[in-house]
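*Asks:* Predicted model, plus sequence, below.
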Protein chains: 2
Amino acid sequence: MPRTITVGAAQLGPIAREHSRTQVVARLLALMHDAKACGCDLVVFPELALTTFFPRWYFEAQSDVDAFFERAMPGPETQPLFDAARRLSIGFCLGYAELVEADGACGQARHFNTAITVDKRGVIVARYRKIHLPGHAEHEPWRRFQHLEKRYFEVGDLGFPAFRANFGEGKAGTFGMAICNDRRWPETYRILGLQGVEMILIGYNTPVHNPPAPEHDALSHFHNQLVMQAGAYQNGSWVVGVAKAGLEEGVEQIGNSIIVAPSGEIVGACTTTGDELAVARCDLDLTASYKTTTFNFARHREPEHYRMIVERKGAVPLDDAE
Amino acid sequence: MPRTITVGAAQLGPIAREHSRTQVVARLLALMHDAKACGCDLVVFPELALTTFFPRWYFEAQSDVDAFFERAMPGPETQPLFDAARRLSIGFCLGYAELVEADGACGQARHFNTAITVDKRGVIVARYRKIHLPGHAEHEPWRRFQHLEKRYFEVGDLGFPAFRANFGEGKAGTFGMAICNDRRWPETYRILGLQGVEMILIGYNTPVHNPPAPEHDALSHFHNQLVMQAGAYQNGSWVVGVAKAGLEEGVEQIGNSIIVAPSGEIVGACTTTGDELAVARCDLDLTASYKTTTFNFARHREPEHYRMIVERKGAVPLDDAE
């Protein structure tokens, strides 16, 4: 029996700062209903899907930052998503800002850029906390807008855990999650690939304009596709990349949500900058064609020659004197 | 002063088994002269550029295999390449089968799939021995043709060494080499990237038909471009990929030689299946735009989360019981 999953990439248009969680959740629910009507088993939402992309602003007061974070998942405003999952029998992957309350006398609250996967019973089956935080930690007023992820979030502490889940027909599959900037790093896909991942769920918020390198702006779609297509092919995995799109609080987001086959081919895509669902039927068994041949890691990888990848963080340019 | 290098990707059409080294070297010399006329500082030849791609055959006798190997570099037949480099003041990168003679009583001859880079003085400035050997080690008669690299070569023992060299105007640059199947592995580019590589020279022989996975055949150009474009972008490096092309001893090679900018964009390409030169002017300083922003490794990499890349060779699929 083919292990086919019908996946919906549920792109979101802009979310204004003034929009309430309830307003946003209503949009997510509408997309879940659309997805169900299209036969989807699983819906993937973007990174930080419950609010505007707040790292674009510098806030003096931590309370202003914390207002964008969830203290419980599900919480009162997000419970309807879990209810809908159970009622519609449809899974979802959701990105949100996660605040872990301080525990004990000397504990500090912790802040993560998080994604969860919820199964068709409405149960959280996996959690991932973003590891590759882009941007900067200090206020840089010269930028037209900030990208303060390194200020507002900690580096994720859960690694890149793959997980088994069953969303479709037939047997279970192996899934993984990554968030936004993670998708530019081949290490992300490889660590999931080494766990046999068959489908990687990636939400993102990517501005078209990159203040430190505006010369890349015109290539933002090309780069977005390139990294996910390469990550899919080089690990023989499906990749579902889902964007926040459109002009959000004056900042243009790239959109360009895509679903990529283990061949690296794009098999589904959003073409608007608003709320939009792209759907693809994904046979998880198509991964085997790559995992057992060109990318049979056990046969072809040579990890004894890869040590520099873990022993070195930054590049160490060669010296002319060497 | 911009650090601009004019590079020629010197694709080769088929080389028959009966062709002598002298015949092949004459073709390489013609390409070097063409390259000089185009203002090239550096010419890149394919993998195993001196002979037909012999791993397509199973040989019982080691002497039949060894006939394709070079015992000295330069040797009598290859010396004219070094002389031309010096006379024309043009560097070259050459792939060949390297036989290291046994040393001492209990030594065994060693066989590598090797590339060297030679500078404008005709001096070998770097050597690389292929690490990712594709194919198989035992004769598999069911294949229309063999791919016995794992039988005829050892895994390279030099790592992925970047090196400084000066081929163009202005100051020196940082170069690296990789060979054929190496280019499909993101680890290859990353290890060179961690040494600050600015231009990666890659020769290859890739059959269109992959006997264990014929379903990939129609995607061979797409995959070829995808991996080199991703490797370039994700490390902010130029990539020069140069093929053996055309119908060689009954096996169709993909050709599709390309020169890729640090943006991942293709800036030069061959379009025939014969001897052909693609030329691009490459400003090594364009690498900085990527190395200092999105791919500033020191700021953004998280190697403590990458350990699985070196601790695990093959994928370890998750168990449903976990």
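*Replies:* The structure has been received and is ready for your questions.

*Asks:* which ones are touching the closest residue to chain B within the stretch 1-150 of chain A?
*Replies:* The stretch 1-150 of chain A approaches chain B most closely through A:Ile131 (5.1 Å), counting by C-beta to the nearest C-beta. Bear in mind the C-beta positions are built from the backbone N, C-alpha and C, glycine included. For A:Ile131, the contacting residues are A:Val155, A:Gly156, A:Gly159, A:Phe160, A:Asp182, A:Thr188, B:Glu302, B:His305, by C-beta atoms under 8 Å, 6 or more residues apart in numbering or on different chains.

*Asks:* And it, what's its pLDDT?
*Replies:* pLDDT recorded at A:Ile131 is 98.

*Asks:* distance of it from A:Gln234?
*Replies:* Separation of A:Ile131 from A:Gln234 (C-beta to C-beta, to the nearest Å) stands at 19 Å.

*Asks:* list the contacts for A:Arg121?
*Replies:* A:Ala85, A:Arg86.

*Asks:* So it, which state does it fall into?
*Replies:* On the three-state scheme (DSSP: H, G, I helix; E, B strand; the rest coil), A:Arg121 is labelled coil.

*Asks:* So in terms of bridging, what pairs with A:Asn205?
*Replies:* Beta-bridge pairing for A:Asn205 (DSSP bridges): A:Lys244.

*Asks:* What about it, how many residues nearby?
*Replies:* 29 (other C-beta atoms under 10 Å in any protein chain shown).

*Asks:* That one contacts A:Gln253, correct?
*Replies:* Yes: using C-beta atoms under 8 Å, A:Asn205 is in contact with A:Gln253, at 6.1 Å.

*Asks:* intersection of neighbour lists for those two?
*Replies:* By C-beta under 8 Å, 6+ apart, the residues touching both A:Asn205 and A:Gln253 are A:Phe53, A:Ala243, A:Lys244.

*Asks:* Relative to B:Ala16, which of the residues you listed is nearest.
*Replies:* A:Ala243 (51.5 Å; C-beta to C-beta).

*Asks:* quick revisit: the contacts of A:Ile131 in helices, which ones?
*Replies:* Judged by DSSP state H, helices contain the following of the contacts of A:Ile131: A:Thr188.

*Asks:* who wins for neighbours among the contacts of A:Ile131?
*Replies:* Within the contacts of A:Ile131, A:Asp182 tops the neighbour count with 29 neighbours, counted by other C-beta under 10 Å.

*Asks:* got any ranges where the stretch 201-322 of chain A has weak pLDDT?
*Replies:* Along the stretch 201-322 of chain A, segments meeting pLDDT under 70 span A:320-322.

*Asks:* Can you show me the helices along it?
*Replies:* With DSSP state H, counting those that start in this stretch as the criterion, the stretch 201-322 of chain A has helices at A:220-235, A:288-291, A:297-300, A:308-311.

*Asks:* which of these is buried the deepest?
*Replies:* Of all those, helix A:220-235 has the most neighbours on average by mean count of other C-beta atoms under 10 Å in any protein chain shown, namely a mean of 24.

*Asks:* With only the CA atoms kept, save that one in PDB.
*Replies:* Only the C-alpha atoms of helix A:220-235 are listed here, as PDB (Å, rounded to 0.1, in the frame of the first residue of the first chain):
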ATOM      1  CA  SER A 220      15.100  35.900  -2.600                       C
ATOM      2  CA  HIS A 221      12.700  33.500  -4.400                       C
ATOM      3  CA  PHE A 222      15.600  31.800  -6.100                       C
ATOM      4  CA  HIS A 223      17.500  31.300  -2.900                       C
ATOM      5  CA  ASN A 224      14.400  30.100  -1.100                       C
ATOM      6  CA  GLN A 225      13.800  27.400  -3.700                       C
ATOM      7  CA  LEU A 226      17.400  26.500  -4.100                       C
ATOM      8  CA  VAL A 227      18.000  25.600  -0.500                       C
ATOM      9  CA  MET A 228      14.800  23.600   0.000                       C
ATOM     10  CA  GLN A 229      15.200  21.700  -3.400                       C
ATOM     11  CA  ALA A 230      18.800  20.800  -2.500                       C
ATOM     12  CA  GLY A 231      17.900  19.800   1.000                       C
ATOM     13  CA  ALA A 232      15.100  17.500  -0.300                       C
ATOM     14  CA  TYR A 233      17.300  15.900  -3.000                       C
ATOM     15  CA  GLN A 234      20.400  15.400  -1.000                       C
ATOM     16  CA  ASN A 235      18.500  13.600   1.700                       C
END
